[in-house]
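Undergrad: test case, fold it:
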Amino acid sequence: MNIRRFTKCTFLLAIVALISALSACDQFQELLVPPQMETEGITVGVVLPLSGDYAATYGEPMLNGFELARQEINNSQANESTNHI
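TA: Numbers count the residues shown, from 1 in each chain. The predicted structure follows:
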């Protein structure tokens, strides 16, 4: 009786191991081949004080600086082959 029970448990464990191994094969393949990067662009967020006490002193000049940097990045010769931010 104990041998049958042991055999059933071993068989069940082997089936579970086989199913989990086969399901992991697809996930393992995804680790080996990196996903294709989207070339639509990069979203960049900036947190600035645009209202309140620090808006005129810090927020607006920083916003202008970020806008200028974005324009220069998009217009640069090194970035012609990629999309704009």
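Undergrad: so where do the helices sit in this structure?
TA: Remark: helices assigned in the chain by DSSP state H are 2-32, 60-75.
Undergrad: for the record, mean pLDDT for the last one?
TA: This means helix 60-75. Mean pLDDT, helix 60-75: 91.
Undergrad: list the helices and strands it packs on?
TA: Judged by 3 or more CB pairs under 8 Å, 6 or more residues apart in numbering; DSSP states H and E, helix 60-75 is in contact with no other helix or strand. Glycine gets a C-beta too; all of them are placed from N, C-alpha and C.
Undergrad: would you put the C-alpha positions of it in CSV?
TA: Provided in CSV are the C-alpha atoms of helix 60-75 (Å, rounded to 0.1, in the frame of the first residue of the first chain):
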residue,chain,number,x,y,z
GLU,A,60,9.8,79.9,-15.0
PRO,A,61,13.5,80.1,-15.6
MET,A,62,13.9,76.4,-15.1
LEU,A,63,11.0,75.7,-17.4
ASN,A,64,12.6,77.9,-20.1
GLY,A,65,15.8,76.0,-19.6
PHE,A,66,14.2,72.6,-20.0
GLU,A,67,12.3,73.8,-23.1
LEU,A,68,15.6,75.1,-24.6
ALA,A,69,17.3,71.8,-23.8
ARG,A,70,14.5,69.8,-25.4
GLN,A,71,14.7,71.9,-28.6
GLU,A,72,18.4,71.5,-28.8
ILE,A,73,18.2,67.8,-28.3
ASN,A,74,15.5,67.5,-31.0
ASN,A,75,17.5,69.7,-33.4
